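Participant: A structural model of the following input is requested.
(one chain, ligands or ions: 1)
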Amino acid sequence: MSKSDRQLGMGVEITRRDFLNGASIAIGASLLPLMSCTKGVEETLAIRHYPPELTGMRGSHIGSFEAAHAAVRGERWSGDEIDEHYDLIVVGAGISGLSAAYFYQRDVDKNARILILDNHDDFGGHAKRNEFDIDGRLMIGYGGTQSLEAPGGYPDVAKQLISELGIDTQRFYSAFDRDLYDSLGLRRATFFDKETFSSDHLAVGDLEDPGVMKLTPLSDEAKSQLTRLLADDENFLAGKTGTEQLEILSGLTYREYLVEYAGVGDEVLDFVQSLPRNVWAIGSDAYPAVAAWSGGYPGFADMDLGFEAYGRGEDSEPYIFHFPDGNASIARLLVRRMIPTVAPGNTMEDIVTARFDYGQLDQVDSAVRIRLNSTVVHAQHVDGQADSDVRVTYVNDDKASVVTAAKVIMAGYHAMTPHIFPDLPADHAAALSNATRAPLVYTNVLIRNWTSFKELGLHYAYCPGSYHHSVTLDFPVSLGDYQCPKSPEEPMVLHLTRIPIAPGLAAREQFEAGRRELLTTPFETFERNIRDQLGRLLGEGGFDPARDIAAITVNRWPHGYSYGYDPTTDQIAFEYALWPDKQRPWLKARQRLGNISFAGTDAASEAMTETAITEAHRAVQDLM
Ligand SMILES: Cc1cc2nc3c(=O)[nH]c(=O)nc-3n(C[C@H](O)[C@H](O)[C@H](O)COP(=O)(O)OP(=O)(O)OC[C@H]3O[C@@H](n4cnc5c(N)ncnc54)[C@H](O)[C@@H]3O)c2cc1C
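Facilitator: As a prediction, the model looks like this:
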């Protein structure tokens, strides 16, 4: 091991249970000696059946994607018929698939027998729960779908489901401690890394503050350009009509707009490049200028483009609707409602710490069964008749099995569907193939205390040039028996975000490059980068990565946010108000095909929880 790796703590024993780069099966003989130091063998083996507790490489973990990729490459399985027939099979146990099963029982047949198949070892899809144990204390993080965003504006169908699950959104006003970090004097910060900005510098506080800006490693010219840009009080298209402004912005990326109209140089562009990354999973170089305007990014002042933009000017609610495991709690509430034996309790509070018995998910006497580690690779109406049953082939542990159902709801990925359904008409297959997805990484790092944050005075850092583009203390939410850390001496889950893209290419190509990167990057590379970044960011506050990191979970999502794609303009769909129906291939893609209908966020090309729910509802209605 190199000296620098040793200093970073690369060899230090942490909770990193996937010595095989994410294979949860690694909990086997090789691990027992390490784990039996702290846990008995029986307890250790029990962890095998409790996926939230697995650390290392999660999200799309090893074992979850191989069969799907083989199907896309053309591999076919004959499969053994097993004697199971269902009223409904749902493909995908994300929020949409789970909601579809719930709606089907609620609205179609309360006794319906339903099988939900998912390729992952946990349910929830993107809504993934990460747990840690430190000295007997449970720490919870979110590995994907983060929060309910502005639930007051949710469509009625989604509002009703949330309410039927017992979620009272008002409860978050007291659960989310909005004063905690302020009361400790913690602020937002920017980390300028030496590889991008010539020297490492942590700028704590608002860059609009001249005292903070002055100390950054930017040149004087760049400081003045960035100050002007962040002030956001200049309309760089002043003098043009709203129509002209819209026409200009519609043809440019945010980066191009800033170069051509705001006159900013390379250093400011490097700063701005990652601004949209966390929210939109794309950099400024491929983020449409008009979307930057509607998203409230700096450089547009009070520009009025004459149409009601998606997301602009909404009566926004605070960003506080967050369970400690993110929207995994919604998935867990749905599962507990449909399979009550899986966990005790019945409230939005007790779901937070409820330990699920994964052995209950697929019981023969349960009306709803969830079968994990099962990738659907083939589906076809029996004898090719659209009004007949559907045969579904899935691969579990390299073994293919065939089950049948009267109806099927696809709640997975549109782009994969043509590889599963041989019966699809060509235009339908083409519409499904148009869907694209952005890759993301949500990393959770358990640290022993956060005194370095207190010392340096920050709770969040934007890191435009670093491996992870942001580092933040967890949302301060206490719900039920779960208490978030309030004192810097307590352990803390840090949340880091990385968007693996390839600036300079078209958005769709960037997403493809990011997916390739995620599939070929070992956990060790993530770990080294995480240790290096946190050490440089927090070192002056006393943080030592070798000593202070207790566990790491990297949630990689090669197939993350859903985006629509317009083959005629070669653009991904951002600004819905400007997107005519004929350029929405997803409307065609989601059309019912015989006894098969389509749910999931791809069905509306919008990566939101309320969309996952409403599309599930529509898919059920389509079958009625
Ligand atoms: C990192 C991240 C953060 C997010 N944060 C938010 C947020 O804060 N708020 C918000 O509203 N939305 C957020 N989203 C958007 C999120 O996609 C939706 O909110 C929602 O969770 C999607 O649910 P879904 O069921 O449609 O899809 P998914 O969660 O993707 O679930 C689909 C499931 O189907 C499985 N599947 C696919 N094909 C097959 C097959 N052939 N066989 C078996 N299983 C299959 C998939 O592997 C997956 O498990 C986030 C997304 C990501 C990736």
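Participant: Now do the contacts for the residue of the stretch 101-250 of the chain found nearest the ligand.
Facilitator: At 2.2 Å from the ligand, residue 125 is the closest residue in the stretch 101-250 of the chain, using C-beta to the nearest ligand atom. In short, each C-beta sits where N, CA and C put it, glycine included. If a contact means C-beta atoms under 8 Å, 6 or more residues apart in numbering, then residue 125 has 92-97, 118, 144-145, 331 as its contacts.
Participant: isn't residue 289 right next to residue 256, touching?
Facilitator: Yes - the pair residue 289 / residue 256 is scored as a contact, 7.0 Å apart, by C-beta atoms under 8 Å.
Participant: who has more neighbours, these two?
Facilitator: Remark: of residue 289 and residue 256, residue 289 carries more neighbours, 25 against 15, as counted by other C-beta atoms under 10 Å.
Participant: measure the more buried one to residue 255 for me?
Facilitator: Between residue 289 and residue 255 the computed distance is 9 Å (C-beta to C-beta, to the nearest Å).
Participant: Kindly report the same for residue 269.
Facilitator: Using C-beta to C-beta, one obtains 6 Å as the distance from residue 269 to residue 255.
Participant: what touches both of these two?
Facilitator: Overlap of the contact sets of residue 269 and residue 255 (by C-beta under 8 Å, 6+ apart) consists of residue 284.
Participant: hang on, the earlier thing: give the phi and psi angles for the residue of the stretch 101-250 of the chain closest to the ligand, as a check.
Facilitator: Dihedral angles of residue 125 (phi, psi; degrees, to the nearest 10) stand at phi 60, psi -130.
Participant: Please apply the same query to residue 273.
Facilitator: Per degrees, to the nearest 10, the backbone of residue 273 is at phi -50, psi -40.
Participant: Quick check, pLDDT for it.
Facilitator: Predicted confidence (pLDDT) at residue 273: the value is 96.
Participant: so how many other residues sit close to it?
Facilitator: Residue 273, neighbours per other C-beta under 10 Å, totals 20.
Participant: Pretty sure it sits against residue 253.
Facilitator: No - counting by C-beta under 8 Å, residue 273 stays clear of residue 253, with 10.9 Å between them.
Participant: State the pLDDT value of the residue nearest the centre of the chain.
Facilitator: Closest residue to the average C-alpha location of the chain: residue 144 at 3.5 Å, with C-alpha atoms, centre = their mean. On the pLDDT scale, residue 144 is placed at 98.
Participant: before we move on, which element is it in?
Facilitator: Using DSSP states H and E, residue 144 sits in no helix or strand.
Participant: Now for it: which residues touch it?
Facilitator: Residue 144 makes contact with 59, 124-128, 326, 328, 442, 555, 557, according to C-beta under 8 Å, 6+ apart.
Participant: Distance check, it against residue 287.
Facilitator: For residue 144 relative to residue 287 (C-beta to C-beta), the value is 22 Å.
Participant: swap in residue 598?
Facilitator: 28 Å.
Participant: again, but for residue 318
Facilitator: 25 Å.
Participant: Same drill for the two, tell me which one is more crowded.
Facilitator: Counted by other C-beta under 10 Å, residue 318 and residue 287 do not tie: residue 287 has more neighbours, with 27 against 10.
Participant: List the contacts of that one.
Facilitator: Contact analysis of residue 287 by C-beta under 8 Å, 6+ apart lists 253-255, 276, 280, 574.
Participant: Report the two of these separated the most.
Facilitator: By the measure C-beta to C-beta, 255 and 574 form the most distant pair in the contacts of residue 287, at 14.6 Å.
Participant: which residues in the stretch 101-250 of the chain form strands?
Facilitator: 114-117, 129-134, 137-142, 187-192, 201-204 (DSSP state E, counting those that start in this stretch).
Participant: Show me which positions of the second one end up buried.
Facilitator: Spelled out, that is strand 129-134. 129-134 (16 or more other C-beta atoms under 10 Å).
Participant: How about the residues of the chain by the ligand?
Facilitator: When proximity is defined by C-beta under 6 Å from any ligand atom, the chain lies next to the ligand at 68, 91-97, 117-120, 125-127, 144-147, 149, 327, 375-376, 411-413, 416, 440, 442, 557, 560-561, 600-601, 607-609, 612.
Participant: where are the low-confidence patches of the stretch 301-450 of the chain?
Facilitator: Across the stretch 301-450 of the chain, residues meeting the criterion (pLDDT under 70) sit at 308-315.
Participant: Closest residue of it to the ligand?
Facilitator: For the stretch 301-450 of the chain, C-beta to the nearest ligand atom, closest residue to the ligand: residue 412, 2.5 Å.
Participant: Quick one: neighbours of the residue lying closest to that residue once chain neighbours are set aside, just the number.
Facilitator: Of all residues not flanking residue 412 in the chain, residue 92 sits nearest, at 3.9 Å (C-beta to C-beta, 6 or more residues apart in numbering). Per other C-beta under 10 Å, the neighbour tally for residue 92 reads 26.
Participant: cool, and residue 500?
Facilitator: Around residue 500 there are 23 residues (other C-beta under 10 Å).
Participant: residues in contact with it?
Facilitator: Each residue near residue 500 by C-beta under 8 Å, 6+ apart is listed here: 439, 441, 513-514, 517-518, 521.
Participant: Which helix or which strand is home to it?
Facilitator: Per DSSP H and E, there is no helix or strand for residue 500.
Participant: Need the per-residue pLDDT for it.
Facilitator: Note on residue 500: pLDDT of 96.
Participant: gap between the closest residue to it other than its chain neighbours and residue 521?
Facilitator: Nearest non-adjacent residue to residue 500, counting by C-beta to C-beta, 6+ apart: residue 514, 3.9 Å away. Per C-beta to C-beta, residue 514 is found 10 Å from residue 521.
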